[in-house]
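Colleague: Provided below are the primary sequence and the corresponding predicted coordinates.
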Amino acid sequence: MQKRRRFSLTLRGALAALCLFSPGLLRAQGNPAPAVSDPHQQALERWQKTRFGMFIHWGPVSIKGTEIGWSRGAQIPREEYDNLYKQFNPVQFNAEEWVRVAKEAGMKYMVFTTKHHDGFCMWNTKQTDFNVMRSPFGRDVVKELSEACKKQGIAFGTYHSVCDWHHPDFPLGSPGGSTRKPNPNLERYMEYLRKQVTELIQNYGPLSTMWFDVPQEVGPELGKPLVEMVRKLQPDILINNRAYGGRGEPVGDYETPEQTIGAFNNKRPWETCMTICQQWAWKPNDNMKSFAQCIQTLVRTAGGDGNLLFNVGPMPDGRIEPRQVERLKEMGDWLKKYGETIYDTRGGPFFPDKWGCSTYRGDKVYVHVMQWSGAELLLPALEQRIGSARALTGGNVTFRQEKEAIHVWLPEANRDAVDSIIELQLAGPVKGMAKSKRAPTAFDRGDYGKWISKDATYEASSIEPQWSSNEKKLLSGEEYEGGYCFHTKEEANPSIVIALGRTAVVKGIEIVNRQDMHQNRARTLTVWVSKDKQEWRQVWKAEKTQDVWEVPVTEFVAGIQQAGVAARYIKIGLQEKNYLHLYSVKVYGDAE
């Protein structure tokens with residue numbers, strides 16, 4: 001009887017995992033089957049609905065606590081790194097427990113590093129002896145995880161590095177692919193890569209995704225046949241955008257911004273991959289993100305219409321670090337309360353802004369307010385009428401809908417420190433995005449004077465030409481494809497100097513940060529003004545990284561702070577060694 005019951009539970013879990021990216025899942029949730037008949041497109045749409053997955057970076061390097069792949073030949077000599085597997089014996093590894101942790105966190109899928117850039121394989125591959133079966137542990141980690149995911153109803157995918165700094169046939173070696181091997185054979189290496197990928201799909205599938213990474217030396221001529229092979233082996237598998245260097249053309253099914261929340265994009269699917277601490281692999285006493293940071297990362301990702309692949313790095317004994325488990329459980333507890341605002345939603349209809357973001361399903365909009373800037377929240381206008389509003393996180397919410405904006409009030413005592421969630425019930429289904437990206441601002445109302453920089457010019461401290469195709473649009477006010485106008489070299493204190501062409505009373509500056517990834521590089525953004533480019537006065541410094549900065553320009557006269565500073569030149573830059581890249585700048589004020 002117990003054997004029959006155990007078999008029943010295992011079968012039920014396996015069916016649940018298969019259904020997670022199959023048509024039956026949507027019907028089981030009470031939704032109609034998708035209109036599309038293409039299994040691959042159906043799988044992509046279902047993956048988007050899950051929103052939250054677990055990324056796992058693990059291998060023998062956890063013994064040292066340094067970064068996987070990248071520390072080979074850097075912090076750890078190559079020979080020592082390559083022999084760590086001989087000590088690798090994580091006796092407390094329990095695949096069932098890892099999957100349970102993911103489920104309790106509210107995660108719907110898992111992606112595991114089968115092979116990182118160091119070339120070590122975590123499954124029983126027949127293509128090389130450099131694998132986990134030759135370690136003292138001697139167990140097929142990928143097989144155990146795959147089976148545990150199927151049993152517990154979690155979709156399973158594999159990370160697989162395209163580059164291999166250990167393999168003699170791959171041209172580049174450690175550290176970081178910065179060295180060249182004496183007798184490489186890329187064609188032969190690609191055959192090795194194809195055989196390994198085939199093993200993973202045929203022996204551990206069906207897989208939810210094949211998550212490639214760092215396709216050094218591999219362009220479309222080598223990468224496209226690899227992608228075609230993967231799709232032939234499993235037609236509904238998802239493939240990320242790192243299978244090969246696309247040279248300007250889209251690769252795979254979805255984008256993968258790394259360690260940053262992607263910009264809003266409801267045209268092409270995307271997934272932010274981010275660590276719960278700082279390092280991908282386990283590091284002792286690594287700085288872990290707070291509960292608020294974790295939840296806000298998930299919410300802002302969903303609000304941008306993306307998925308979050310949240311990474312943990314298990315310890316050398318095989319356990320996920322207990323404090324990470326506890327933080328993930330906190331996220332799961334939050335999702336038990338508010339998961340309806342994340343799962344099976346789309347980002348919008350309001351564009352993400354400094355106040356937060358929104359998600360929607362049908363005729364319900366979930367407004368996630370993570371930063372209040374005053375007594376009310378001002379949202380851009382919607383086409384549909386709002387019938388009612390309620391605060392899911394508590395309190396009495398009131399609103400007023402106008403032609404140009406929506407005003408929302410929630411008592412300060414009821415504002416959640418992490419995320420105040422306000423549900424707007426519309427008179428009908430959402431019909432696309434809001435009329436504008438944001439509600440009218442102080443700039444739009446004329447509080448800072450007129451826009452005076454449209455005909456201005458600027459110079460950058462340096463330019464990387466291959467990354468600066470939109471240079472002329474920085475001051476134009478135009479919207480354009482791409483995340484930024486210009487890209488400096490990595491240097492100390494990179495900056496731009498805007499020349500207005502005449503002295504004016506500068507009252508305010510609107511600075512739009514890079515819109516795709518690496519927004520955190522602007523954390524020391526600072527503004528100076530000058531009349532002659534000789535003497536500069538600092539008028540503002542960013543308190544934190546954000547999408548858009550509203551910079552008031554003021555000065556003290558006789559002890560009184562007054563709006564506006566006479567200037568002909570404006571310098572915007574960083575106070576550190578880094579890259580500078582911005583989307584747009586507008587200067588407001590009055591002619592002197």
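Modeller: Perfect, thanks for sending it. Numbering: from 1, shown residues only.
Colleague: ramachandran coordinates for G501?
Modeller: phi 90, psi -10 (degrees, to the nearest 10).
Colleague: count the neighbours of it for me.
Modeller: Using other C-beta atoms under 10 Å, G501 has 12 neighbouring residues. Every C-beta, even on glycine, is put in place using the N, C-alpha and C of the backbone.
Colleague: measure it to R231 for me?
Modeller: Distance of G501 to R231, given as C-beta to C-beta, to the nearest Å: 55 Å.
Colleague: check contacts around R537.
Modeller: The contact partners of R537, by C-beta atoms under 8 Å, 6 or more residues apart in numbering, come to 528-530, 555, 565.
Colleague: any chance of the residues you listed in CSV, plus neighbour count, secondary structure and distance to K454?
Modeller: Below are the contacts of R537 laid out as CSV (neighbours: other C-beta atoms under 10 Å; DSSP: H, G, I helix; E, B strand; the rest coil; distance: C-beta to C-beta, whole Å):
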residue, neighbour count, secondary structure, distance to K454
W528, 19, strand, 21
V529, 23, strand, 18
S530, 16, strand, 20
E555, 14, strand, 24
V565, 19, strand, 20
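Colleague: turn the residues you listed into a markdown table, columns for pLDDT.
Modeller: Formatted as a markdown table, the contacts of R537 follow (pLDDT from 0 to 100):
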| residue | pLDDT |
| --- | --- |
| W528 | 96 |
| V529 | 96 |
| S530 | 96 |
| E555 | 83 |
| V565 | 94 |
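Colleague: contact partners for S161?
Modeller: Taking C-beta under 8 Å, 6+ apart, one finds 69, 115-117, 119, 212-214 in contact with S161.
Colleague: go again using 6 Å as the cut-off
Modeller: Taking C-beta atoms under 6 Å, 6 or more residues apart in numbering, we find S161 in contact with 115-117, 213-214.
Colleague: and those, which is closest to N266?
Modeller: Of all the contacts of S161, N266 sits closest to D213, with 25.1 Å by C-beta to C-beta.
Colleague: for stretch 181-197, buried residues please.
Modeller: Buried positions in stretch 181-197, judged by neighbour count with 16 or more other C-beta atoms under 10 Å: 184, 189-190, 192-193, 196-197.
Colleague: do you have the helices of the stretch 1-150 of the chain handy? List them.
Modeller: 2-20, 23-28, 39-50, 78-82, 95-104, 141-152 (DSSP state H, counting those that start in this stretch).
Colleague: and the ones you listed, which one is worst for confidence?
Modeller: For the helices of the stretch 1-150 of the chain, mean pLDDT drops lowest on helix 23-28, to a mean of 36.
Colleague: spatially central residue for the protein, please.
Modeller: T272 (2.2 Å; C-alpha atoms, centre = their mean).
Colleague: need the contacts of S161 in TSV with pLDDT and neighbour count, can you?
Modeller: Shown next, in TSV, are those (pLDDT from 0 to 100; neighbours: other C-beta atoms under 10 Å):
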residue	pLDDT	neighbour count
K115	98	30
H116	98	29
H117	98	24
D213	97	20
V214	96	18
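Colleague: show me where the stretch 151-300 of the chain has strands.
Modeller: Per DSSP state E, counting those that start in this stretch, the stretch 151-300 of the chain carries strands over the ranges 155-161, 172-173, 179-180, 209-213, 238-239, 271-275.
Colleague: relative to D333, which of those is closest?
Modeller: Distance to D333, taken as C-beta to C-beta, is lowest for strand 271-275 among the strands of the stretch 151-300 of the chain, at 20.1 Å.
Colleague: domains of this structure?
Modeller: Residue ranges for the domains of the chain, per automatic domain parsing: 51-341, 348-440, 443-591.
Colleague: point out the most buried one among the ones you listed.
Modeller: Ranked by mean neighbour count under mean count of other C-beta atoms under 10 Å, the domains of the chain are led by domain 51-341, which reaches a mean of 20.
Colleague: what's the first-to-last distance across that domain?
Modeller: 11 Å (C-alpha to C-alpha, to the nearest Å).
Colleague: starting at the chain centroid, how far to it?
Modeller: Its chain's C-alpha centre and that of domain 51-341 lie 15 Å apart, by C-alpha atoms, centre = their mean, to the nearest Å.
Colleague: which residues touch stretch 337-352?
Modeller: Contacts for stretch 337-352 (C-beta under 6 Å, 6+ apart): 49, 51, 264, 266, 302-305, 358-361, 366, 379, 421, 430, 433-434, 437.
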